[in-house]
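**Student:** Structural data only, the sequence is not supplied:
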Ligand SMILES: Nc1ncnc2c1ncn2[C@@H]1O[C@H](COP(=O)(O)OP(=O)(O)O)[C@@H](O)[C@H]1O
Ligand SMILES: Nc1ncnc2c1ncn2[C@@H]1O[C@H](COP(=O)(O)OP(=O)(O)O)[C@@H](O)[C@H]1O
Ligand SMILES: [Mg+2]
Ligand SMILES: [Mg+2]
Ligand SMILES: [Mg+2]
Ligand SMILES: [Mg+2]
């Protein structure tokens, strides 16, 4: 069973709620190895997404994703704004023609999102960034042969593991890289927000 | 037995040592109701007095007192500098012609010092200033009919009491007056330094 | 105590050496006694304008030495008025034959030391005493009000008058007009620490602020819970407005000052609120100054100063000035 | 957290309103998106110079908007780079037909957002990325060095070149020359507190300082005991001198910067030490800038920036500038 536009919108609202809930946690993570704004940046961006969703009714899943992309680009700022913005924009393009998203569409969207993030941010796996969460998520979604919900669930599990894997790493990209060795021992905030978003989308899709 | 020039110089050095010892106390008193510099101002001034006494040998008690006056005027600053400077200057003038100081000379010097302080600072008894210590000291010295040492001892006792009497007062002069009612309950730093100086001079004179 | 200093005893001297190094074209800096003199002094035929006070209020006063403002400044020890020797030396070094106007902030120590210097000077000397702090209740029987933020405006305006050639009497009269038209008040979110003391001048809890502070770490008149900026600004502005009083239709210069540790982002924020409150009352802000100009070491906090201006004051405010801390028109 | 603010969410907007009120003759301030534009923009035929970054570094960048420096500045949220929308809007609002040079501090967020704006702009846009912080080890495989104090000097010098009529290619080339000649390093005695966080970005003991900090409350590279000012200054200056390297006979501009909470008396003191150390090495200080120009909210601390100058840079440094924070020659 595929995700309809309404399902996608519901899932995006759920993601916004989760970002809101975890704002302080993301701030704290960024305070340890960055500049303490990731949680607030994401909160501001997803609060704006909710306002936009309240005002507009996207006609397709792709249009819903694009709405998220442009809103994040114009309200988040920092590294996360363009990166997540690009991710949602590429995901939108990848599913441009679909009325409903199945597992395969989800996998394609995630792959496009990752490619966008890497194209913009030039990070590789192991650099201690959101790429460390998104890369295994893309692989897991690709090997899942089930529904959209199943693909997202697999992606969320993998992203959570990927996020944890950033803890021992020494950052090579983003603000944490200024710390050199002192960045090791901390969870990367962007990988955590990626895992949180995917988990929220997966949970919402499971209920749809 | 009168105080010779050498006795006066010894007493002034003793006074300088006492000021040095009580620097932090005077700072703390001034911190409570002023700007926390009285102890440091007095330390700086009397350190300079000691340097001057090391370099010059005053020929008379009056010249020793004048050396103190000009040194304090040029190194202390704040309210205490001109006030103590004027006090020592007037005291010096009051005993200008004497080779030794007896009880009567001490009383005259103290009276002149007080007049000088009042002329400059326009404070009255009860304003919570050094005048509250110096005024009873002058009276006590005047009623003492003994030696210089005895006159100074009487003055020092009276000054100590006068200083204590400032505790409940609401300041009407100097920096503490900005506090209004909040100045009550604290010992005035200038009255304390006056009491300390007189005690040191008296003790030194007693040993002379 | 964490400070960028070498030794509490040499702080003022060491900072003066830095000023000398930083402004070789503007200032001549003497160390003993400590006097900061404009590089082209003495200016023949010009009334000299001299001020001074304890160190720790930078850029006041040394940062205001230069063309169109002060001829010399005498820095005392931290928070301690200069000695009369310093003031006398400043008068002597700058004397242009037209007399000297001494700008004295109303503190007993400053008043006494400047007074003694005036008595000893060989040139004609007049003094004006600024006492613009409305936080202090005035009375004939006390030391009166403190001189605070208004000093900066006074030095600029009178400095410009002296620069254009006004004589000593005219400068003195103008100074008195400015003093009678200016009012200030300040608050602190944190205390400062005097280097030779090593501990904070007063203690504030995490949710407290001190209203009506002076510029020497003296406690203020009232300790209250920290509120939003709009309340803080009103707590300073209302007493100022009532005091002169300032009324609808008045034209003013608004000076929003940092006590040293408050950053510009907060200062601009407060300034915007003050402008709004003045607009609401029908008071026109003709000129403004926003920044750390009369400080109390690293104290966090701010003060507001309001000067009721006339056309002459505005013209003198706008006149060229070239000092380390204020510069325009040149 | 004690700050003069109303609400952490509206700090930047409220401060911008204060800037607008304070500088009506110099600035046009837009709120949505937030852009500070010089009042006489667009200037026809002139290359526009635009910068931006997170708020909390005031006066950077909005305080440098005006004749002879920036045409526009885009303030992000506190310590968060602006969005590409803001940058694009700044380009559109100031476009004088001669192209735009974007001055980008080297942080991933800034680089990405300015890059996206550049891609979308209809006028010709070039970007330069400043990365002068020697505290960060450079490497091809990392985000590279941060942009810090050198930004102020870059904006002044390139702003002057654009003002005199240099074309876009010339401005870009000059900017690259400045970037390759400037190095900085900073230290903190205290952390700052980001308004929307409410607690200090890092904790320092009473006897500790953090060397090699950035301007966003990021921890530095090394935590060491607080020493005398002469050690602090050397700890900043030595790595700077070694890095470029600077050598005997070099001519430099020395910029001694406060992180926001360090008062001028300490800053001058540190500046004096730096001048002495440079003189000892045979390096000639041709120009200096001392003050809080690129800050980190209320952080106590300082940074030093050294620019190896040539005659053209000096001429452009001396050229008239009229902005809220820097003004001379006008
Ligand atoms: N080059 C990059 N590629 C991918 N992700 C990155 C890159 N740089 C930073 N990030 C991610 O962005 C997160 C930080 O986002 P945020 O705090 O909002 O922005 P900023 O670093 O500008 O303050 C990091 O935790 C990291 O996961
Ligand atoms: N008008 C005055 N007459 C007499 N004594 C005064 C007067 N004003 C202040 N004092 C004395 O000076 C003392 C303060 O001296 P000090 O702290 O050195 O100077 P300042 O007040 O300038 O900081 C007060 O405690 C008080 O005793
Ligand atoms: Mg961040
Ligand atoms: Mg005192
Ligand atoms: Mg004092
Ligand atoms: Mg950020």
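**Tutor:** Arrived safely. Just so we're clear, the structure is a prediction, and the values are computed from it rather than from any experiment. Ligands and ions are numbered 1, 2, ... in the order given.
**Student:** so residue C:302 sits in a strand?
**Tutor:** Yes: looking at residue C:302 with DSSP: H, G, I helix; E, B strand; the rest coil, it is inside a strand.
**Student:** For ligand 3, see how far away it is.
**Tutor:** With distances taken as C-beta to the ion, to the nearest Å, residue C:302 is found 29 Å from ligand 3. All C-beta spots, glycine's among them, are computed from the backbone N, C-alpha and C.
**Student:** same question, residue A:100
**Tutor:** Residue A:100 is 36 Å from ligand 3, by C-beta to the ion.
**Student:** Contacts only, for the closest residue in space to that residue that isn't next to it in sequence.
**Tutor:** Of all residues not flanking residue A:100 in the chain, residue A:2 sits nearest, at 3.2 Å (C-beta to C-beta, 6 or more residues apart in numbering or on different chains). Taking C-beta atoms under 8 Å, 6 or more residues apart in numbering or on different chains, we find residue A:2 in contact with A:100-102, A:105, A:147-148.
**Student:** near ligand 3, which residues of chain A show up?
**Tutor:** A:30, A:34-35, A:37-38 (C-beta under 5 Å from the ion).
**Student:** Could you save those residues as CSV and add columns showing neighbour count, pLDDT and distance to residue D:48?
**Tutor:** Shown next, in CSV, are the residues of chain A next to ligand 3 (neighbours: other C-beta atoms under 10 Å in any protein chain shown; pLDDT from 0 to 100; distance: C-beta to C-beta, whole Å):
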residue, neighbour count, pLDDT, distance to residue D:48
A:30, 33, 95, 33
A:34, 30, 91, 31
A:35, 28, 90, 28
A:37, 33, 93, 28
A:38, 29, 96, 32
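**Student:** and which of the contacts of residue A:2 is nearest residue C:271?
**Tutor:** residue A:101 (52.0 Å; C-beta to C-beta).
**Student:** count of neighbours near that closest one?
**Tutor:** Using other C-beta atoms under 10 Å in any protein chain shown, residue A:101 has 29 other residues around it.
**Student:** Please, where are all the helices along chain C?
**Tutor:** C:11-22, C:84-94, C:108-120, C:150-164, C:168-181, C:229-243, C:264-280, C:311-318 (DSSP state H).
**Student:** Adding distance to residue A:166, mean pLDDT and mean neighbour count, write those out as CSV.
**Tutor:** Formatted as CSV, those follow (distance: least, C-beta to C-beta, whole Å; pLDDT from 0 to 100; neighbours: other C-beta atoms under 10 Å in any protein chain shown):
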stretch, distance to residue A:166, mean pLDDT, mean neighbour count
helix C:11-22, 45, 98, 23
helix C:84-94, 62, 97, 24
helix C:108-120, 61, 95, 23
helix C:150-164, 52, 98, 26
helix C:168-181, 62, 98, 19
helix C:229-243, 39, 97, 19
helix C:264-280, 33, 98, 23
helix C:311-318, 58, 98, 16
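**Student:** Please identify which of those helices is closest to residue A:110.
**Tutor:** When those are compared by C-beta to C-beta, helix C:264-280 sits nearest residue A:110, at 40.0 Å.
**Student:** Mind pulling up the pLDDT for the closest residue to residue A:192 other than its chain neighbours?
**Tutor:** In space, residue A:192 comes closest to residue A:163 once its chain neighbours are excluded; the distance is 5.1 Å by C-beta to C-beta, 6+ apart. As summarised for this prediction, residue A:163 has a pLDDT of 98.
**Student:** Run through the residues that contact residue A:163.
**Tutor:** A:132-133, A:187-188, A:191-192, A:194-195.
**Student:** from those, which two are the most distant?
**Tutor:** Taking C-beta to C-beta, the two most distant members of those are A:187 and A:194; they sit 11.6 Å apart.
**Student:** quick one, which of those two is more surrounded?
**Tutor:** Each of residue A:187 and residue A:194 has its neighbours counted (other C-beta under 10 Å); residue A:194 has more, 32 against 20.
**Student:** Contact partners for residue 205?
**Tutor:** In the absence of a named chain, this looks at chain A. Contacts of residue A:205 (C-beta under 8 Å, 6+ apart): A:3, A:7, A:11, A:147-149, A:152-153.
**Student:** List only buried entries from those.
**Tutor:** When those are checked for burial by 16 or more other C-beta atoms under 10 Å in any protein chain shown, the buried set is A:3, A:7, A:11, A:147-149, A:152-153.
**Student:** re earlier: roughly how far apart are the residue nearest to residue A:100 and residue B:77?
**Tutor:** 84 Å (C-beta to C-beta, to the nearest Å).
**Student:** what would the helices of chain C look like in a markdown table with distance to ligand 3?
**Tutor:** Formatted as a markdown table, the helices of chain C follow (distance: least, C-beta to the ion, whole Å):
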| stretch | distance to ligand 3 |
| --- | --- |
| helix C:11-22 | 35 |
| helix C:84-94 | 51 |
| helix C:108-120 | 49 |
| helix C:150-164 | 39 |
| helix C:168-181 | 48 |
| helix C:229-243 | 26 |
| helix C:264-280 | 18 |
| helix C:311-318 | 43 |
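**Student:** List, one by one, the residues from chain C near ligand 2.
**Tutor:** With the criterion set to C-beta under 6 Å from any ligand atom, chain C comes near ligand 2 through C:80-81, C:107-109.
**Student:** Mind telling me the two of those residues farthest from one another?
**Tutor:** Going by C-beta to C-beta, the pair spanning the residues of chain C next to ligand 2 furthest: C:80 and C:108, at 11.7 Å.
**Student:** Can you name the residues of chain A sitting close to ligand 1?
**Tutor:** So chain A meets ligand 1 at A:30, A:34-35, A:37-38, A:41, A:78-80, A:83, A:117, A:121-123, A:129-131, A:173-175, A:188-191 (C-beta under 6 Å from any ligand atom).
**Student:** Now the residue of chain A found nearest ligand 1: closest residue in space, sequence neighbours ignored.
**Tutor:** With C-beta to the nearest ligand atom as the measure, residue A:190 is the residue of chain A nearest to ligand 1, at 1.9 Å. Excluding the flanking residues, the one nearest residue A:190 by C-beta to C-beta, 6+ apart is residue A:130, at 3.7 Å.
**Student:** which residues touch the one you found?
**Tutor:** Contacts for residue A:130 (C-beta under 8 Å, 6+ apart) come out as A:80, A:83, A:117, A:123, A:188, A:190-191, A:193-194.
**Student:** at 7 Å instead, please
**Tutor:** Counting by C-beta atoms under 7 Å, 6 or more residues apart in numbering or on different chains, residue A:130 touches A:83, A:117, A:190-191, A:194.
**Student:** thinking again about what came up before, distance to ligand 1 added to the residues of chain C next to ligand 2, as JSON lines?
**Tutor:** Listed next are the residues of chain C next to ligand 2 as JSON lines, based on distance: C-beta to the nearest ligand atom, whole Å:
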{"residue": "C:80", "distance to ligand 1": "46"}
{"residue": "C:81", "distance to ligand 1": "48"}
{"residue": "C:107", "distance to ligand 1": "47"}
{"residue": "C:108", "distance to ligand 1": "52"}
{"residue": "C:109", "distance to ligand 1": "50"}
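**Student:** Quick one: residues contacting the closest residue to residue A:111 other than its chain neighbours.
**Tutor:** Excluding the flanking residues, the one nearest residue A:111 by C-beta to C-beta, 6+ apart is residue A:138, at 5.1 Å. Contacts here follow C-beta under 7 Å, 6+ apart; on that basis residue A:138 touches A:110-111, A:114.
**Student:** My guess is the residue of chain A closest to ligand 1 contacts residue A:129. True?
**Tutor:** Yes: with contact defined as C-beta atoms under 7 Å, residue A:190 reaches residue A:129; the gap is 5.6 Å.
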